[in-house]
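*Asks:* Structure of the sequence below:
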Amino acid sequence: MSGTLRVGEIFRYAAGKDPVPPDVDGFRNFWHATDTPGQKRVLLESGINSIAEVQAATGPRRAAILIRSSPWKAGSEQTPWHDVFSLEVGHVRYFGDHKPGLAVPVGETKGNGALLRAFERHRAPTADVRRYAEPLLVFRAVRRGSSPKGHVEFCGVGLVERAERLIQWAGEDRDTFANYVYDFAMIDLADEDDSLDWRWIEARRTPGLSIDEALKLAPAAWREWVDKGHSALPRVRRRVARSRIVKSKDQKPPVGSEEAKDLLTIYQFFDNRKHDFEAVASAVAGRILGVGASYREGWLTRRSGDGGADFVGRIDVGRGTAGTSLVVLGQAKCVKPDTSISAEQIARIVARLQRGWIGVYVTTGYFSEAAQVEMVEDQYPISLINGRELATELRSMANEDHDGDLLACLEQLKDSQAAIVTERRPDEVLLL
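*Replies:* Residues are numbered from 1 along each chain as shown. You can find the predicted model right below:
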């Protein structure tokens, strides 16, 4: 008998694929939770796993596509890209399955082909087409014990919001190759206590049930999206206010990890020239703030008389007469990775913000929980980028543009910003 999948729950994905025991090794059994009598088992063997289509009376339909991300493989020659999970704001950035050396054209691999076909239905203009759209059930591998294999975390239900073709590098010869990257919109499951009822997927797999009968078992947010389409995404996207408070241990890379080594490298690179760190902070802020919007770097401020801001940027949202721009004031703080940033330190940049401006604080350290609580409760328009996020973004930039060489990436960012130090007023960035 199947059950529910709760967001954030860890499942045992055992090699034996036995659906009988509800629990295995102290974790809920994935095979038990997703068992559908009379149907083949759903799998997470690949990154993109499509459940086979069924031939229903109204035509073929696919119950779901299961997505598996393996963070422990990220940065390797086989998997040089890094998937990005921002579940608190309902966003996942996921790379497709094309790899160097494949003869099949990009977009026609099994996984990319499935997601691109799903994307067509996810962006369909009519509810008649959207009701057939397959949901994405997103998982990521997690380490439990000494092995990174055998356990997966359920991350929720999503749909393809955007698909982009891009060039990547990988392999022993560092060859470039084309691939697709997808932005998933993760839907709100608040009405279902942050859980997915597997009976919905079972119903979609049952040829004798109509698509409308199956839709009755779908999450409320999914049904609203089917009815209203893309315009409903701001209302049905997952939002978790409490998750904005991140514990200090989760802002630091695990001791001894590659992330920890990267962060120490970044700190030591700028330890005796901390003003140069502002260039890196500006670039990282642009990558993070640019998700879902258009970010433009402005300039770095001079060492004296900066009035609490280290760099200036601009966010453009919308287009034409429906667009607007926001000034971004940034603070950069290169400190030892185990250093806490207090509310008083953040207040320096917050005090400079005017109407229509936002702040961003980038550090190699971490933000105290008290500081985060104050920022959330007072609803300050500021983004806090901790050391772990900084290291992750810079590692991605190094992999994408510098053949994995982090030091070369840092040197290039420092040198590229050296000529744009100025004393201009922040609002002048709106004129660029």
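
*Asks:* The stretch 1-150 of the chain: helices as residue ranges?
*Replies:* With DSSP state H, counting those that start in this stretch, the ranges of helices along the stretch 1-150 of the chain come out as 30-33, 110-122, 127-130.

*Asks:* Specify the residue ranges that define each domain of the chain.
*Replies:* 4-241, 245-431 (automatic domain parsing).

*Asks:* Can you lay out these as TSV showing mean pLDDT and mean neighbour count?
*Replies:* Quick note: C-beta positions are derived from backbone N, CA and C, even for glycine. Shown next, in TSV, are the domains of the chain (pLDDT from 0 to 100; neighbours: other C-beta atoms under 10 Å):
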stretch	mean pLDDT	mean neighbour count
domain 4-241	90	17
domain 245-431	88	17
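
*Asks:* any idea where the strands of the stretch 301-432 of the chain begin and end?
*Replies:* 311-317, 324-333, 340-341, 357-363, 366-367, 382-385, 421-422 (DSSP state E, counting those that start in this stretch).

*Asks:* that older thread, can you convert the helices of the stretch 1-150 of the chain into CSV and add a column each for distance to residue 68?
*Replies:* Below are the helices of the stretch 1-150 of the chain laid out as CSV (distance: least, C-beta to C-beta, whole Å):
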stretch, distance to residue 68
helix 30-33, 11
helix 110-122, 10
helix 127-130, 25
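
*Asks:* For residue 136, which of those helices is the nearest?
*Replies:* Nearest of the helices of the stretch 1-150 of the chain to residue 136, taken as C-beta to C-beta: helix 110-122 at 7.3 Å.

*Asks:* Return the list of helices and strands in contact with the closest one.
*Replies:* strand 48-50, strand 65-69, helix 127-130, strand 151-170, strand 175-186 (3 or more C-beta pairs under 8 Å, 6 or more residues apart in numbering; DSSP states H and E).

*Asks:* Redo those as a markdown table? Include distance to residue 39.
*Replies:* Listed next are the helices and strands packed on helix 110-122 as a markdown table, based on distance: least, C-beta to C-beta, whole Å:
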| stretch | distance to residue 39 |
| --- | --- |
| strand 48-50 | 14 |
| strand 65-69 | 14 |
| helix 127-130 | 24 |
| strand 151-170 | 19 |
| strand 175-186 | 25 |
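
*Asks:* can you tell me which of the ones you listed comes nearest to residue 8?
*Replies:* strand 151-170 (6.6 Å).

*Asks:* other SSEs contacting that closest one?
*Replies:* strand 10-12, strand 91-95, helix 110-122, strand 136-141, strand 175-186, strand 195-197, helix 387-401.

*Asks:* and the fourth one with strand 91-95, angle?
*Replies:* With axes from the mean of the first three to the mean of the last three C-alpha atoms, to 10 degrees as the criterion, the two stretches strand 136-141 and strand 91-95 enclose an angle of 80 degrees.
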